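1. One predicted model, sequence on top.
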Amino acid sequence: MQTKIPAVFMRGGTSRAVFFREDIMAPYDRATCERIMLAALGSPDPDGRQIDGLGGGISSLSKAAIIGRCDDGESDVTFNFAQVDVRKPFVDWGGTCGNMSAAVGPFAIDEGLVPAVSPVTQVRVLATNTGKRYIAHVPVRDGYAEVEGDYRIDGVPGPGARIALEYLEPGGTLGGVLLPTGETRQSLRLADGRSVTISIVDAAIPMVYVRAEELGADATQLAPALDSHRELQDRLEEIRCHAAVLLGLADDIEIAHTQVKAIPKIAMVAPSAPYTTSSGKSLDADQIDLVGRAISMENTHRTFPATSSMCTAVAAAVEGTVVHEMSQAATPDRLRLGHPAGLMDIGAHVSCRDGQWYAESVTTQRTARRVMEGMILVPQRYMEGKPWFEAEAQ
């Protein structure tokens with residue numbers, strides 16, 4: 001016996017997620033909601049395939065969200081994002097997802113949560129995980145979100161309707177300031193005795209940055225090659241966990257490693273350089289301002305998380321950060337970020353007042369598509385709080 005839960009399978013940017021309406025999920029407590037999401041995506045899967053669900057075996061394809069109406073007068077809908085671990089029965093609600101942010105507006109319009117206004121509907125969204133707001137400018141046609149268009153993003157094979165995302169005052173998602181430690185950079189000593197210089201910046205999502213050269217890494221390598229370097233991935237995870245402690249998200253790095261997995265995210269950065277993308281396209285150095293490789297849930301992201309790209313654009317404009325040092329952007333208000341699949345173009349408005357840095361706004365463009373709608377079938381044992389993986393753990 002299985003329970004039917006209405007859901008929609010959405011692509012947002014270079015990610016995918018299962019979307020649920022808040023009024024549908026309201027009768028269930030948090031633990032039951034998490035089990036529903038685990039069943040939907042096929043987690044946990046020790047083989048990393050998510051063969052028993054809709055997940056794609058990597059962090060960017062293992063996501064869920066709950067979308068609801070918002071009556072605070074400032075936003076139209078709420079966006080509660082969940083990052084679902086591929087191999088473990090773990091759901092992290094700590095961060096948000098910029099790629100899936102692009103799908104919230106179309107979902108809200110098509111579900112009737114927001115009235116469609118031609119030719120473009122502005123959907124005001126409250127990202128409840130971070131408390132930050134953004135505006136999605138969604139093209140519509142015949143009362144529904146437009147899907148067809150000529151806008152292309154690297155990492156998605158075909159074009160679509162361009163959705164502009166405008167993040168308002170994205171700094172300080174953890175309730176603090178843009179530079180949570182008060183420093184633009186600081187030294188960190190690792191377990192092997194080496195010291196690395198990092199920058200921690202919190203805009204749209206908390207991020208920790210390190211220069212690829214300090215880790216002996218080539219930032220132009222693609223995800224599979226970087227993931228095969230387990231020592232490198234272990235060092236990046238160690239740095240990320242130290243940053244989580246510095247941010248007050250965990251008491252020690254062991255807790256950060258097991259319980260604080262979605263934030264902060266970490267990225268290696270390097271100056272512009274030519275490389276070949278995952279699709280075989282050649283990029284010249286003069287097309288790129290900064291090369292970046294982001295790590296999500298201990299694996300190299302196949303593109304670059306959209307919220308992480310926004311934070312990176314902000315960090316590139318803040319003098320003194322390692323990102324600013326590596327960036328070769330002509331102006332501080334635009335960054336061309338080179339990632340494994342190609343380029344992302346992000347706008348950032350950053351200011352410094354009385355010695356303190358502020359992120360005024362960040363803008364980017366994505367596409368999205370409603371892929372499937374229907375019912376998620378959840379085994380009864382999940383609904384009863386007795387999923388197979390808990391029984392086997394006992």
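-> Nice, thanks for sending it over.
2. Name the residue closest to the centre of the protein, please.
-> Cys97 (3.4 Å; C-alpha atoms, centre = their mean).
3. contacting residues around the least confident helix or strand in the chain by mean pLDDT?
-> Within the chain, no helix or strand scores below helix 388-393, which has a mean of 80 by mean pLDDT, DSSP states H and E. Helix 388-393 is contacted by residues Pro44, Pro89, Arg381 when judged by C-beta atoms under 8 Å, 6 or more residues apart in numbering. For the C-beta atoms, the positions are set from N, CA and C on the backbone; glycine is no exception.
4. list the contacts for the closest residue to the last one other than its chain neighbours?
-> Okay, so that is Arg381. With sequence-adjacent residues excluded and distances taken as C-beta to C-beta, 6 or more residues apart in numbering, Arg381 is closest to Pro387, at 5.7 Å. By C-beta under 8 Å, 6+ apart, Pro387 lies in contact with Arg35, Leu38, Ala39, Pro89, Pro379, Arg381.
5. switch the cut-off to 10 Å
-> Neighbouring residues of Pro387 by C-beta atoms under 10 Å, 6 or more residues apart in numbering: Arg35, Leu38, Ala39, Pro44, Pro89, Val378, Pro379, Arg381, Ala393.
6. can you pull the pLDDT of the third one?
-> According to the model's per-residue confidence, Ala39 sits at a pLDDT of 98.
7. pLDDT below threshold where in the stretch 201-350 of the chain?
-> Counting by pLDDT under 70, the stretch 201-350 of the chain shows no low-confidence range.
8. do you know how far Met372 is from Ala40?
-> Distance, Met372 to Ala40, by C-beta to C-beta, to the nearest Å: 12 Å.
9. And those two? Which one has more around it.
-> Neighbours were counted for Met372 and for Ala40 using other C-beta atoms under 10 Å; Ala40 has more, 24 against 10.
10. Can you name the helix or strand that that one falls in?
-> Using DSSP states H and E, Ala40 maps to helix 30-41.
11. Name the residues of that helix that come out as buried.
-> Within helix 30-41, the residues scored as buried using 16 or more other C-beta atoms under 10 Å are Thr32, Cys33, Glu34, Arg35, Ile36, Met37, Leu38, Ala39, Ala40, Leu41.
12. Excluding chain neighbours, what is closest to the second one?
-> The shortest distance from Cys33 to any non-neighbouring residue, by C-beta to C-beta, 6+ apart, is to Met25 (5.5 Å).
13. what's the spacing between the one you found and Met1?
-> Computed with C-beta to C-beta, the distance linking Met25 and Met1 is 20 Å.
14. For these two, work out which one has more neighbours and name it.
-> Taking neighbours as other C-beta under 10 Å, Met25 and Met1 compare with Met25 leading, 21 against 7.
15. Hmm, the more buried one is touching Gly68, no?
-> Yes: with contact defined as C-beta atoms under 10 Å, Met25 counts as touching Gly68 (8.6 Å).
16. hey, what's in contact with both of these two?
-> Joint contacts of Met25 and Gly68 (C-beta under 10 Å, 6+ apart) are Asn80.
17. State the mean pLDDT of stretch 99-109.
-> Averaged across stretch 99-109, pLDDT comes to 97.
18. which residues in the stretch 201-350 of the chain form strands?
-> Remark: strands assigned in the stretch 201-350 of the chain by DSSP state E, counting those that start in this stretch are 205-211, 265-270, 275-276, 282-283, 290-296, 299-300, 334-339, 342-353.
19. Flag every buried residue along the longest one.
-> Taking 16+ other C-beta under 10 Å as the basis for neighbour counts, the residues of strand 342-353 that come out buried are Gly342, Leu343, Met344, Ile346, Gly347, Ala348, Val350.
20. What residues sit buried inside stretch 194-203?
-> Buried residues in stretch 194-203, counted by 16+ other C-beta under 10 Å: Val196, Ile198, Ser199, Ile200, Val201, Asp202, Ala203.
21. go on, stretch 156-171?
-> In stretch 156-171, counting by 16+ other C-beta under 10 Å, buried: Val156, Gly160, Ala161, Arg162, Ile163, Ala164, Leu165, Glu166, Tyr167, Pro170, Gly171.
22. Out of those residues, which is nearest to Asp52?
-> Nearest to Asp52 among the buried residues of stretch 156-171 is Val156, at 25.9 Å by C-beta to C-beta.
23. Hmm, that closest one is touching Gly13, no?
-> Yes: with contact defined as C-beta under 10 Å, Val156 reaches Gly13; the gap is 7.3 Å.
24. Please enumerate the shared neighbours of the two.
-> Residues touching both Val156 and Gly13 (C-beta under 10 Å, 6+ apart) are Asn99, Thr303, Arg366, Thr367, Ala368.
25. Highest neighbour count among those?
-> Of the shared contacts of Val156 and Gly13, with other C-beta under 10 Å as the count, Asn99 tops at 30 neighbours.
26. what's the closest non-adjacent residue to that one?
-> Asn99 sits nearest to Gly13 (C-beta to C-beta, 6+ apart), 3.2 Å away.
27. Sounds good, over and out.
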